[in-house]
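Chemist: let me see the structure of the following:
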Amino acid sequence: MDLRVIAAVAEDLVRSQWEVFRAGHGVALARHKQDGSPVTDTDVRIERFLHAHLAEATGIPVVGEESIGCVESRTQEIEELHREVGTRSYWVVDPIDGTSNYLRGDPSCAILAALFVNDTPLIGVTSLPVRSTTITSVAGQSMTVTVGANRVELPAGGWGTPGEGVGLVDSLVPGFRDEVTHMVDALIAAPKPRMRISGCVGANLGLVAVAGVGTTVSMSPHVWDNGAGVCHLTTRGAHVTDLHGNPWTVGSDGVIGGDQKTAGVLSASLQRIGR
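Modeler: Purely as a prediction, here's the structure:
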């Protein structure tokens, strides 16, 4: 099956869960997993749906945040992922990225899906149901952004050249790009071990990729948080590394993506505090 066809199937299945997602937005009750992070019945319901239907529709196994569960290290997390899928091609999904935002009714929360082949993300889907927006990328080909009934295709490559994506992001989330710029500047000037970045890693990475300019960072160590965003960023031509400036992998402890020079300065700054 062609990657564009697979991407369209994944996007449709993710969008089919919008009403389930919206029904619990701001009203769902959470319980806490062993690591203290919140989870809702909506997380479980959406992940079970994608686990079954995405695998059936594409013939590719699916693993998700809730199915992997709590592990003690990134190495164990990736070992568990590979053990569960047992193949070089697999989907990784996050049914609700930004759960804390979701619980308090903040629109910055998402459903994420990424197709990996040989541990490289080739398809990324970032869907923001509350904003009626979906970002879909196919590595090396193109990105599509759907807002309501409007669908825009953005070209691969060309990072740093302002184009249609800048206007899309500015209209969708006014002030977002300034917020990310200030966050990166603050991390360079006075790095911190952890910094809250919009509360939704997937939205942050995806929207910066849509804009196609600037630099961003994810300090999440989890592949389900970062996979779709890494695909978006690389498709749009961003320089993408882990927090140490090394090529990003499924086991990386975070992501830096964007302008190569700024990414290098940010990486050096984070290394000073042991990130």
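
Chemist: for the rest of this, base every contact and every neighbour count on C-alpha atoms.
Modeler: Noted.

Chemist: residues contacting Ala228?
Modeler: The contact partners of Ala228, taken as CA atoms under 8 Å, 6 or more residues apart in numbering, are Leu112, Ala113, Ala114, Pro121, Ile123, Gly124, Val125, Thr126, Gly202, Gly206.

Chemist: disregarding flanking residues, what is the spatial nearest neighbour of Val20?
Modeler: Leaving out its chain neighbours, the residue that sits closest to Val20 by CA to CA, 6 or more residues apart in numbering is Thr42, at 7.1 Å.

Chemist: now for the host helix or strand of the one you found, which elements pack on it?
Modeler: Here Thr42, judged by DSSP states H and E, is contained in helix 41-58. Judged by 3 or more CA pairs under 8 Å, 6 or more residues apart in numbering; DSSP states H and E, helix 41-58 is in contact with helix 3-15, helix 18-24, strand 62-64, helix 65-68, strand 89-97.

Chemist: change it to 6 Å
Modeler: If you count contacts as 3 or more CA pairs under 6 Å, 6 or more residues apart in numbering; DSSP states H and E, helix 41-58 packs onto strand 89-97.

Chemist: show residues contacting the following helix or strand past the strand it packs on.
Modeler: Per DSSP H and E, strand 89-97 leads on to helix 99-104 as the next helix or strand towards the C-terminus. Identification of contacts with helix 99-104 by CA atoms under 6 Å, 6 or more residues apart in numbering yields His25, Gly26, Cys109.

Chemist: buried residues in the helix or strand that helix 99-104 is followed by?
Modeler: Using DSSP H and E, the helix or strand that follows helix 99-104 in sequence is strand 110-117. Taking 16 or more other CA atoms under 10 Å as the neighbour-count basis, strand 110-117 is seen to contain the buried residues Ala110, Ile111, Leu112, Ala113, Ala114, Leu115, Phe116.

Chemist: let me know the closest of the residues you listed to Val169.
Modeler: Ala110 (15.6 Å; CA to CA).
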